[in-house]
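Asker: Let's see this in three dimensions:
(one chain, ligands or ions: 2)
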Amino acid sequence: MALDLSHAELTLDRAVQRAVDRALSDLRRGEAVVLAGPDGRCLLVQAAETATAAGLAALAALAGTAPALALAGRRARALGIELPEEQAVLLTVPGGLTAELARDLADPTRGTPAERLRRAIATAHAPEDTVEGLAVLLAKLARLLPAAVVAPLPGVRDAGAFARRHDLLAVRGADVPEYRRQSARTLCRVADAAVPLEAAEQTRLVAFRPSDGGPEHLAIVIGDPPPDRPVLARLHSECFTGDLLGSLRCDCGPQLRGAVEEIARAGAGVLLYLAQEGRGIGLVNKLRAYRLQDGGLDTLDANTALGFDADERVYLPAAAMLKALGFDRVRLMTNNPDKLAQLAACGIEVVERVPHIFPSNGHNEAYLRAKADRAGHLF
Ligand SMILES: Nc1nc2c(ncn2[C@@H]2O[C@H](COP(=O)(O)OP(=O)(O)OP(=O)(O)O)[C@@H](O)[C@H]2O)c(=O)[nH]1
Ligand SMILES: [Zn+2]
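Answerer: Ligands and ions are numbered 1, 2, ... in the order given. Presented below is the predicted three-dimensional model:
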């Protein structure tokens with residue numbers, strides 16, 4: 001009898017997603033999880049951002065080894081710790097890592113001078129394999145700062161058994177990047193309704209949910225765009241501050257409303273409202289990035305000083321939504337060359353770029369200049 005592999009594959013996906021999902025919510029609550037590295041090495045992991053003195057003491061007692069800090073390579077470089085292009089750097093501290101120091105190292109907005117932090121570190125080296133990097137990726141997927149307190153479990157070969165014995169969750173290292181890949185790949189259309197807008201009365205909202213149960217993306221379909229012609233489209237990344245509050249730090253509010261008006265004027269089109277707040281780093285980290293910008297960094301360097309990419313967005317969900325709505329050719333309203341390239345790489349033909357430029361407002365000049373000068377935005 002033939003084996004039903006499609007079912008086996010589904011089961012595997014589900015198991016991976018549940019294990020990683022649960023670990024992420026434990027990390028957000030400040031609990032430790034057990035991470036089994038691809039080379040068989042196991043680590044106890046706690047997110048640096050949620051580390052507490054009691055949590056660290058419990059971690060050290062359980063591991064029987066001193067915790068160290070795994071930090072995103074970019075954050076380490078911003079601290080002046082120069083190592084070759086590493087994803088993650090492992091820092092040890094003489095006399096033991098404290099929760100305060102872990103948080104100071106992870107979070108530049110706490111204001112501890114880099115020099116003092118460098119003096120507190122005994123060794124900084126690139127980890128031998130990827131398990132520490134995966135711990136940093138776990139913290140990032142939990143929407144926390146990309147830094148993790150880690151304690152090796154030298155005698156532990158069976159992460160699952162160890163975790164069960166201590167009422168913790170275990171995650172296989174290899175499942176972490178796989179989780180990220182899968183959640184971007186699968187979207188389910190879950191609801192739609194007519195929502196007449198001031199500027200476009202004939203509008204429908206269609207909600208798409210990622211398979212990891214994460215925040216939904218919305219398609220705002222204006223008019224009745226014919227699928228056999230390139231659709232006028234805007235990909236708008238969520239911006240709570242600009243879209244909802246009218247923040248003058250960015251150009252998102254005018255771009256959002258301007259796109260709806262322009263599509264309505266053209267008769268039909270689609271605006272994808274993507275759950276990628278803060279260029280994919282989330283609202284909390286965007287607020288941290290704003291603090292760093294008030295200290296003199298530009299919008300790109302602020303992201304990297306926190307340990308993130310300058311832009312963490314992926315447009316696979318946007319391409320999947322366009323295809324689900326029946327469109328594979330777009331006239332894209334954007335100034336961002338990365339959106340053009342990424343959509344094309346996901347199988348959407350961009351037949352035309354429609355510039356989407358709005359005047360500066362007295363507060364966002366430096367932001368717009370950084371986008372043009374450093375990210376190549378076409379103003
Ligand atoms: N991390 C970070 N995100 C920001 C900052 N200012 C705005 N954003 C976010 O940047 C995103 C702006 O998205 P878009 O307007 O879709 O994209 P864009 O890259 O400007 O490209 P266009 O299509 O040309 O508008 C939103 O998610 C905002 O929340 C900032 O200083 N730091
Ligand atoms: Zn904005």
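Asker: Distance from the chain centre to stretch 186-203, please.
Answerer: 25 Å (Cα atoms, centre = their mean, to the nearest Å).
Asker: what do you get for stretch 299-307?
Answerer: 13 Å.
Asker: Any part of it near ligand 2?
Answerer: No: applying Cβ under 5 Å from the ion, one finds stretch 299-307 separated from ligand 2 by no less than 10.2 Å. Every C-beta, even on glycine, is put in place using the N, C-alpha and C of the backbone.
Asker: For that stretch, could you pull out the residues that count as buried?
Answerer: Neighbour-count burial for stretch 299-307, counted by 16 or more other Cβ atoms under 10 Å, picks out 299-307.
Asker: Provide a list of residues in contact with Leu322.
Answerer: 231, 233, 270, 272, 328, 330, 348 (Cβ atoms under 8 Å, 6 or more residues apart in numbering).
Asker: Mind telling me what element it is part of?
Answerer: helix 316-324 (DSSP states H and E).
Asker: Let's see that helix as CSV, backbone CA atoms only.
Answerer: Output of helix 316-324 as CSV, limited to C-alpha atoms (Å, rounded to 0.1, in the frame of the first residue of the first chain):
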residue,chain,number,x,y,z
LEU,A,316,6.2,36.4,-0.2
PRO,A,317,2.8,37.0,1.6
ALA,A,318,2.1,40.0,-0.7
ALA,A,319,2.8,37.9,-3.8
ALA,A,320,0.6,35.0,-2.4
MET,A,321,-2.3,37.4,-1.7
LEU,A,322,-2.1,38.9,-5.2
LYS,A,323,-2.1,35.4,-6.8
ALA,A,324,-5.0,34.4,-4.5
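Asker: Quickly check: that helix near ligand 1 or not.
Answerer: No: on the criterion Cβ under 6 Å from any ligand atom, helix 316-324 is out of touch with ligand 1, staying 10.1 Å away.
Asker: May I see the buried residues of that helix?
Answerer: 316-322.
Asker: Which members of those are the farthest-apart pair?
Answerer: Leu316 and Leu322 (10.9 Å; Cβ to Cβ).
Asker: ok so Leu271 is a strand residue?
Answerer: Yes: Leu271: assigned to a strand according to DSSP: H, G, I helix; E, B strand; the rest coil.
Asker: Quick one: low-confidence residue ranges for the stretch 101-250 of the chain.
Answerer: For the stretch 101-250 of the chain, the stretches with pLDDT under 70 are 128-129, 184-185.
Asker: any chance you could map the strands in the protein?
Answerer: Remark: strands assigned in the chain by DSSP state E are 33-36, 42-47, 68-72, 88-92, 123-125, 147-152, 170-172, 187-194, 203-210, 217-222, 231-237, 269-274, 329-333, 349-354.
Asker: ok, and what's touching the fifth one?
Answerer: It stands for strand 123-125. Contact partners of strand 123-125, identified using Cβ under 8 Å, 6+ apart, comprise 76, 81, 83, 89-92.
Asker: what's the answer for the fourth one, then?
Answerer: Contact with strand 88-92 is made by 66, 68-73, 76, 81, 83, 105, 121-127, 132-133, 135-136, 150, as judged by Cβ under 8 Å, 6+ apart.
Asker: Ala139 is in contact with Cys24, correct?
Answerer: Actually, residue 24 is Leu. It isn't Cys. No: judged on Cβ atoms under 8 Å, Leu24 makes no contact with Ala139 at a distance of 9.0 Å.
Asker: Between these two, which is the more surrounded one?
Answerer: Ala139 (28 against 24; other Cβ atoms under 10 Å).
Asker: Make TSV from the buried residues of helix 316-324 and add pLDDT and distance to Ala372 to it.
Answerer: Below are the buried residues of helix 316-324 laid out as TSV (pLDDT from 0 to 100; distance: Cβ to Cβ, whole Å):
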residue	pLDDT	distance to Ala372
Leu316	93	26
Pro317	94	26
Ala318	96	23
Ala319	96	26
Ala320	94	30
Met321	96	28
Leu322	97	27
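Asker: circling back to that earlier point, ok, which of the contacts of Leu322 also contact ligand 2?
Answerer: Okay, of these, nothing touches ligand 2 (Cβ under 5 Å from the ion).
Asker: Just the buried residues of those.
Answerer: Buried among these by 16+ other Cβ under 10 Å: 231, 233, 270, 272, 330, 348.
Asker: The last one: what's it in contact with?
Answerer: This points to Ile348. 319, 322-323, 327-330.
Asker: now with 6 Å?
Answerer: 319, 322, 328, 330 (Cβ atoms under 6 Å, 6 or more residues apart in numbering).
Asker: Same check on the fifth one?
Answerer: With contact taken as Cβ under 6 Å, 6+ apart, Val330 is in contact with 230-231, 233, 348, 350.
Asker: Quick check: it vs ligand 2, distance?
Answerer: 22 Å (Cβ to the ion, to the nearest Å).
Asker: Could you do the second one as well?
Answerer: Plainly put, Ala233 is 19 Å away from ligand 2 if you go by Cβ to the ion.
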